[in-house]
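Undergrad: This is the structure alone, sequence omitted:
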């Protein structure tokens, strides 16, 4: 028997599996070209050719024992870390060295490491809805209490008045002396919103004031796997510049389209309180949690591709096509500034009804409840452009069907 | 500040770091050729050339989106899992299919996943001293109570009477209704002992009887990163053949010399109780713990190298040279049957004194206390043969020094 503690995890997982199986059934019945799967956040643009070229070069250049061996430091190869630091300095005007960069097993690995290092069991982590669903698991892994700041659906809770910017007014009231960290994710999964500089500055101000009030560090953890998927030249503020006690997590999963390779990093700025204590703690916890070090060949390969990116114009085109298709059909959407997700308001109060109704039209979407934001759904547009074009008339049919349903029930 | 829960981890880590720094100082002072570092278990034999060739082939053959993408199942690529299953069937006469194989982020990842899936917080895990030091961290990660069966230093606790076979007599008394799993590691780090078929059969008998007595499953987890490092044709029994509720963990870190790449697998036999529940739980927990899936390119590469091994004759030669050097100097050693460690009895009751005295002779060794076996030290012989030869006269000097010291204190 699995451990009893597995039951809630497996139930959640079963719901997702049920959705996959349902999708597979639809494909079998109607053909792949008549099923519109917006459920998965798996890159649809291949890695840039430089990546495979870099892997081949690394194989030629490096001594096998070093290339495939344990890293001398659990933080990764010094020269890889230095290259990442210099790349960040060039992009953001920061002053990092290799000592500020920890290579990690994807950013999922990085988040688990830094949460364990910074937050004691029983202490609180604040996240803003909507949030990446796995955060609640990561908190639970380390006995951390996760508190969810309600979503700012109408913009009234943010400095800017823009919907889905974090609800800072609510956050300020929720921070207690037991709050050890605040976790943000921008560009956001699932909303596609980029937290503005105004937002980050206002959040930093709150955190500084609350740290002083309680005489405790409150860390800001920025989970940024979608940093390089920003459209229309939108700026993603580099958070270490606004608040000293910041940790940034990054992954190449989306920017280089290699989510299967599990490669990312943490930035630990020298300004962070107890930098000298945090670094050895991270190295130890990399082993303790079973990560040990980021995959070694892939460390060397990405270090050669720091200026490369997959072709995000493909996602951009999808973004526009999907937004236009949905809004023309009468759906209310947040126009995404980054990542590859559209957050759509459910015409029904209960978005599960919307998900079910969409499935009747062979459209697969994900309920917002799992992201802490009921009443909304997530649609991933990292799919074929043609699928979006073929889905467009279906959106209209779906909306008409829903309208009739709602009218009929009045 | 780091979390308070970090303090014990960082203290342990500081001790190891202090040893490294001391080693670096010795090298700076006396030159690398006059320092004899037996402290690290990092492979010294390069990966077989087939590995890099396989990586290149995979890059040519595979679609980038599939090769570097998320795996459809968090268990890994079906064809890789099937290849591993068939390899095991050929080697051990088992009947596995891909469904029994879960690709993991090294065996450290595999152990963390399976412990979380099988053992509830507060339940007990039994390990046999000497044991790999990280097991206590893995147990603590998931709130599991680890109980250590005392070492069988004179052989009196085992069926065979051979020293460092697990102390089954003590284990039988320690298993309670709260014991959910027993973790074994053979070939053993740090002793180099292979648990014999007689041992495995006797252990299986105890576990069956205790499972019946308490009406509970007791899982046997076999951590086997050193399975393919067995000398003199020694057999490492394949544990699933002796006990149904067994999970085997493997890593290619040592057999292919790629510990930096973090690639291994778990075997979940179909006979295990609740197989249908365990598999989806594992898939979920791969994500929950932040591993997500085993590095994808490396999965495909190792699948092409299942019949390859690094040249273990190098370790074998080291093994003999080190054993002869130490025993001729008068040290008492367990002759290792596998892995690349020698377990040496401390001439002092307190082995820390032995470690300190050895360091005075520029010999770096690791105390047994961290492995649950005080009074012994571990010497890793995955180093240059010449280092062992140059160290041999130093062993005699060390022993003479120790003898004088002990005589002088009588």
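TA: Structure received. Everything numeric here is computed off the predicted structure, so don't read it as measured data. Numbers count the residues shown, from 1 in each chain, chains lettered A, B, ... in the order given.

Undergrad: just for the stretch 1-150 of chain A, where's the confidence low?
TA: The stretch 1-150 of chain A contains no residues with pLDDT under 70.

Undergrad: now the helices: where do they sit in it?
TA: A:7-30, A:49-61, A:64-67, A:78-92, A:106-118, A:135-141 (DSSP state H, counting those that start in this stretch).

Undergrad: Likewise for the stretch 201-350 of chain A?
TA: A:275-288, A:296-303, A:313-328.

Undergrad: where does the stretch 251-400 of chain A dip in pLDDT?
TA: Looking at the stretch 251-400 of chain A by pLDDT under 70, you get an empty list.

Undergrad: Show me what from it comes close to chain B.
TA: Residues of the stretch 251-400 of chain A found near chain B (CB under 8 Å from any CB of the partner chain) are A:256-262, A:273-274, A:277-278, A:280-281, A:283-285, A:287-293, A:295-298. Yep, even glycine has a C-beta here, placed from its N, CA and C like the rest.

Undergrad: what about residue A:256, distance to residue A:215?
TA: For residue A:256, the distance to residue A:215 equals 42 Å [CB to CB, to the nearest Å].

Undergrad: Spatially nearest residue to residue A:146 (excluding sequence neighbours)?
TA: Nearest residue to residue A:146, sequence neighbours excluded (CB to CB, 6 or more residues apart in numbering or on different chains): residue A:139, at 3.9 Å.

Undergrad: Hmm, the one you found is touching residue A:125, no?
TA: Yes - if you go by CB atoms under 8 Å, residue A:139 and residue A:125 touch, sitting 5.3 Å apart.

Undergrad: picking that back up, and residue A:166, which of the helices of the stretch 201-350 of chain A is closest to it?
TA: If you check each of those against residue A:166 by CB to CB, helix A:313-328 wins as the nearest, at 21.9 Å.

Undergrad: my guess is residue A:130 meets residue A:188, correct?
TA: Yes - using CB under 8 Å, residue A:130 makes contact with residue A:188 at a distance of 7.0 Å.

Undergrad: neighbours around residue A:282, how many?
TA: Burial measure for residue A:282: 24 neighbouring residues, criterion other CB atoms under 10 Å in any protein chain shown.

Undergrad: next one: residue A:29
TA: 10.

Undergrad: Tell me who's in contact with it.
TA: Not one residue lies near residue A:29 by CB atoms under 8 Å, 6 or more residues apart in numbering or on different chains.

Undergrad: how about a cut-off of 10 Å?
TA: A:35, A:362 (CB atoms under 10 Å, 6 or more residues apart in numbering or on different chains).

Undergrad: Relative to residue A:40, how far out is it?
TA: 20 Å.

Undergrad: And for residue A:17?
TA: Residue A:17 is 13 Å from residue A:40, by CB to CB.

Undergrad: Then residue A:356?
TA: To residue A:40, residue A:356 is 19 Å away according to CB to CB.

Undergrad: The two - which one has more neighbours?
TA: residue A:40 (16 against 12).

Undergrad: who touches that one in this structure?
TA: Neighbours of residue A:40 in contact, by CB under 10 Å, 6+ apart: A:20, A:23, A:364, A:366, A:380, A:382, A:383, B:70, B:72.

Undergrad: okay, residue A:158: pLDDT?
TA: Predicted confidence (pLDDT) for residue A:158: 76.

Undergrad: sec struct for it, please.
TA: coil (DSSP: H, G, I helix; E, B strand; the rest coil).

Undergrad: Show the contacting residues for it.
TA: So residue A:158 contacts A:152, A:164-169, A:195-196, A:198-199, A:202-203 (CB under 10 Å, 6+ apart).

Undergrad: Pretty sure residue A:33 sits against residue A:390.
TA: Yes - Residue A:33 is within contact range of residue A:390, at 7.0 Å (criterion: CB atoms under 10 Å).
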